[in-house]
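In: Sharing a model prediction with you, sequence too.
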Amino acid sequence: MNRVFPVLVWSGIAAGGAAAFGVLALSRGESVNAAWLLTAALCSYAVGYRFYSRFLADTVFGLDDRRATPAERHNNGRDFVPTNKWVLYGHHFAAIAGAGPLVGPVLAAQFGFLPGTLWLVIGVVLGGAVQDFVILFCSLRRDGKSLGQMAQEEVNPAAGATAMLAVLFIMIILLAVLALIVVNALRASPWGLFTLACTVPIALLMGWWMKRWRPGRVGEASAAGALLLLGALVAGGWVAGQPHLAPLFTHSATTLTWMMVAYGFIASVLPVWMLLCPRDYLSTFLKITTILVLAFAILVILPPLKMPALTPFATLGEGPVFAGKLFPFAFITIACGAISGFHSLVASGTTPKMIARESDARMIGYGGMLMESFVGVMAMIAACTLDPGVYFAMNTTPAALAQASQALGQAGFVVTPETMQALAARMGEATLVARSGGAPSLAVGMAQIFASATGALAGGGRTLDALWYHFAIMFEALFILTTIDTGTRVGRFMLQEIVGHVWPKFGETSWYPSVIASSACIVAGWGYFLYQGVVDPLGGINSLWPLFGISNQLLAAVALCVGTTILIKMGRQRFAWVTLAPLAWLVTVTMTAGWQKVFSSDPRLGFLAHAASLAGSTDPHAGRLIFNDRLNTFVALLFMLVVAVLIVTSVREWWLVVTRRKAAVVHEAPFVETGYATGD
Amino acid sequence: MRRGTEGDEGRGKRDEATPFPTRLARVLRRIVGAPDYAAYVEHCRLAGHAPKLSEREYVAEFFEAKGKGVRCC
């Protein structure tokens, strides 16, 4: 009986998931409830975690609780600290989850809800969670070493240098894309800009509180900061209604770009406790709370999905949000939530230094990524609860909308100007048309879900749409700015380290001329791409988001190369398929997408075709647009080349080891038996 | 002689001697990556040596290290 019961339970879960997928796949022309999407995702996660992650932990990696972890061996009460697995799970999740799993699914909703959801669920179980888990495991066995260090030691020094350069380039594109999302969300939005501007003095106050007034009292300072933030949110509505105040916070995208660039530079050169740390605490609290509330609200109202399972743009490749067909672009548009190379930097950063037992890595590495995928599924639900006409009107530039108007009309995705104006008025905005970037449409979706839930719980009273909309905008913008703060600073450290090899003085992270020069270089890098995106008549998302997706997925390919190399050197080559399969898929997807972005003959898709279409144009900006297209071409080809080099290097290493022409030397820390009690 | 983890001895896992609000605050601090000087002092006591850092030094060093961490997209 004891053995039959679990079999029945797990069979039931698997059957439930399969049935939910069946409903999602077979429903055509009728509204589907979000409950089916949630059931399909949760059942898949449960089965994946119970069976596949256990197989990885026990059979492939051979996690051993008798082995002391770096946290135990190097315990210093500061960065190396054995930590309860549930606490570390929360810490790890807070570090990996950002704007990516929220924005990617919203953009991919242009293909319908089905492709993105399938990729989120299948991709995470077989790819993303595996990548996070394998890198966490490898770093755990190597005293918490970084991805670059592991690539250098386990593959070869050239691979380490290549990985480091790849991370730097990816960081620049990533920061530009994230900043573009904020600029598009705050353009001509005095309420949003006022609220976000208030976060700067609030963070400075918190920093002074935590560092100078009451050292280390993060809880008190964060509580005060959160109250002030809510006050700023309410005050923002009042400011937006004042004819003499609103213009002070109403700016064009170009002006906002310069503001973002100035902010990024200042945040990078200021002491970390002053702005970066307090903002990080504020955004972490807000992120965890909002995600929990969103999950609760979705479960309370179980909204119907208005977007169809598949839209015509999946096969036409002429989507107004971004160009390109479902394959390969759905798989690079959703990176975070399915598989994200950036996670390998977190999984080889602070987390491995805090794991108390090796077996905890399963829940933290694999389970943490499943949770991020769930956030992506919630974002997909929020986007697909919007009327498709509203969704496309919000996420499309006027130029792209005009090009896609016929296809939109045939699919029935139309919306009247009056409807859009009424929606904008409800959300407290002047307009919601052409607010591309994903954040505003996600905010509208979240606001409607929150408003319905509060309305349902309050018995149908006021629903406060505008307040919820701006809360959602603030929530997204706040942690995007946190990523910009930390990303610019980490990029600065990397640049200082690289230049420090030839000019040692420049490598001193406390030498102010070096701090200013390296910060200016990094900010200029992402600021240039941001500006290019802002002035792009097709909307920068069309060119920058695919570049970001390609670069992020290529970093995942780097991580999986390192993981595969280590598995082979450990003598586990018969299990190397666990990393080789997602690696092969990612390389296929990203190389195809990169090739199409560069060489497609469609001017909306291919950079070179777009540049050719502008040749001889009388447009005064044509020269700059052509230059940008060529620069994007160079960046895409550079990413592809970097990864091709790393793959060739890795394959050579695998061949040498497998054919015994080279000794399989792993650089694991020596086995030390744990002093902790095992098995509890 | 095996011993429990530090969590078993008062951090992270349930410790009935510590009031619930204090335990909850410790858990939240760890999740958001906030400094916990009391835990550091406790670590030094268990390790059998005096704390090497004052509270101000500990907090300053903690924030500095936090600034080198990566936040994902």
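Out: Sure, I can see it.
In: where's the residue nearest the centre of chain A relative to A:Gly337, distance?
Out: Central residue of chain A (Cα atoms, centre = their mean): A:Gly100, 2.4 Å from the mean position. To A:Gly337, A:Gly100 is 7 Å away according to Cβ to Cβ, to the nearest Å. The way it works is simple: take the backbone N, C-alpha and C, and place the C-beta from them, glycine included.
In: do A:Ala14 as well
Out: A:Ala14 is 22 Å from A:Gly337, by Cβ to Cβ.
In: Compare the two and say which is more crowded by neighbours.
Out: It is A:Gly337, of A:Ala14 and A:Gly337, that has more neighbours when counted by other Cβ atoms under 10 Å in any protein chain shown, with 31 against 16.
In: And the spatially closest residue to that one that is not a sequence neighbour, its phi and psi?
Out: Nearest-residue entry for A:Gly337: A:Gly376, 2.7 Å, with adjacent residues in sequence omitted and distances by Cβ to Cβ, 6 or more residues apart in numbering or on different chains. For A:Gly376, the backbone dihedrals (degrees, to the nearest 10) come out as phi -60, psi -40.
In: tell me the secondary structure for A:Arg661?
Out: Here A:Arg661 is coil, with the state taken from DSSP: H, G, I helix; E, B strand; the rest coil.
In: before we move on, what about A:Gly16?
Out: Assigned by three-state DSSP, the conformation of A:Gly16 is helix.
In: Confirm for me that it is in contact with A:Thr39.
Out: Yes: A:Gly16 is within contact range of A:Thr39, at 6.1 Å (criterion: Cβ atoms under 8 Å).
In: more neighbours, these two?
Out: A:Thr39 (19 against 16).
In: The spatially closest residue to the more buried one that is not a sequence neighbour sits in which helix or strand?
Out: Among residues not flanking A:Thr39 along the chain, A:Ala20 sits closest, at 3.9 Å (Cβ to Cβ, 6+ apart). Per DSSP states H and E: A:Ala20 is located in helix A:4-26.
In: Beyond that helix, next helix or strand please.
Out: Following helix A:4-26 in sequence, per DSSP H and E, is strand A:32-33.
In: partners of that following strand, with directions?
Out: strand A:304-305 (antiparallel) (DSSP bridges).
In: Next secondary structure after the partner strand?
Out: Counting by DSSP H and E, the next helix or strand C-terminal to strand A:304-305 is helix A:313-316.
In: Might you calculate how far that following helix sits from the centre of the chain?
Out: 24 Å (Cα atoms, centre = their mean, to the nearest Å).
In: Check stretch A:227-236 too.
Out: Centroid separation for stretch A:227-236 versus its chain: 27 Å, with Cα atoms, centre = their mean.
In: Can you show me the helices along chain B?
Out: Assigned by DSSP state H, the helices in chain B fall at B:20-32, B:37-47, B:55-66.
In: where in chain A is pLDDT low?
Out: Residues of chain A meeting the criterion pLDDT under 70: A:1, A:457-463, A:677-680.
In: okay, now the domains of it?
Out: The record's domain parsing of chain A by automatic domain parsing lists A:58-188+A:251-385+A:476-658, A:189-243.
In: Pick the most deeply packed of the ones you listed.
Out: Ranked by mean neighbour count under mean count of other Cβ atoms under 10 Å in any protein chain shown, the domains of chain A are led by domain A:58-188+A:251-385+A:476-658, which reaches a mean of 22.
In: residues in contact with the residue of the stretch 351-500 of chain A found nearest chain B?
Out: Of all residues in the stretch 351-500 of chain A, the one sitting closest to chain B is A:Thr486 (4.5 Å; Cβ to the nearest Cβ). Listed by Cβ atoms under 8 Å, 6 or more residues apart in numbering or on different chains, the contact partners of A:Thr486 are A:Leu276, A:Asp280, B:Gly67, B:Gly69, B:Val70, B:Arg71.
In: Between those, which sits nearest A:Gly491?
Out: B:Val70 (10.3 Å; Cβ to Cβ).
In: which residues touch the helix holding A:Ala20?
Out: For helix A:4-26, the external contacting residues (Cβ under 8 Å, 6+ apart) are A:32, A:36-37, A:39-40, A:42-44, A:46-47, A:50, A:113-114, A:117, A:309.
In: Look at A:Pro320 and tell me its secondary structure.
Out: Of the three states, A:Pro320 takes coil according to three-state DSSP.
In: Isn't it up against A:Ala404?
Out: Yes: between A:Pro320 and A:Ala404 there is a contact at 3.8 Å, judged by Cβ under 8 Å.
In: what touches both of the two?
Out: Common neighbours of A:Pro320 and A:Ala404 (criterion: Cβ under 8 Å, 6+ apart): A:Phe392, A:Thr396.
In: The residue nearest to A:Thr39 and chain B, how far apart?
Out: 29 Å (Cβ to the nearest Cβ, to the nearest Å).
In: what's the closest of the helices of chain B to A:Phe133?
Out: Using Cβ to Cβ, those put helix B:20-32 closest to A:Phe133, at 20.3 Å.
In: Poorly predicted segments of chain B, please.
Out: B:1-16.
In: one more time with 80
Out: Within chain B, the stretches with pLDDT under 80 are B:1-18, B:68-73.
In: Dead centre of chain B: give me the residue that sits there.
Out: Central residue of chain B (Cα atoms, centre = their mean): B:Ala39, at 3.7 Å.
In: mind listing what A:Gly148 touches?
Out: Taking Cβ under 8 Å, 6+ apart, one finds A:Gly160, A:Ala163, A:Met164, A:Val167 in contact with A:Gly148.
In: I'd like to know which of these is nearest to A:Gly491.
Out: Ranked by distance to A:Gly491 (Cβ to Cβ), the contacts of A:Gly148 are led by A:Val167 at 8.8 Å.
In: Does that closest one touch A:Leu495 like I think?
Out: No: with contact defined as Cβ under 8 Å, A:Val167 does not reach A:Leu495; the gap is 11.3 Å.
In: How many neighbouring residues does residue 42 have?
Out: Just going to use chain A. Residues near A:Leu42, counting by other Cβ under 10 Å: 18.
In: The intended chain is chain B.
Out: What B:Glu42 shows, counting by other Cβ under 10 Å, is a neighbour count of 17.
In: same check, this time on the one 10 residues further on
Out: When counting by other Cβ under 10 Å, one arrives at 12 neighbours for B:Lys52.
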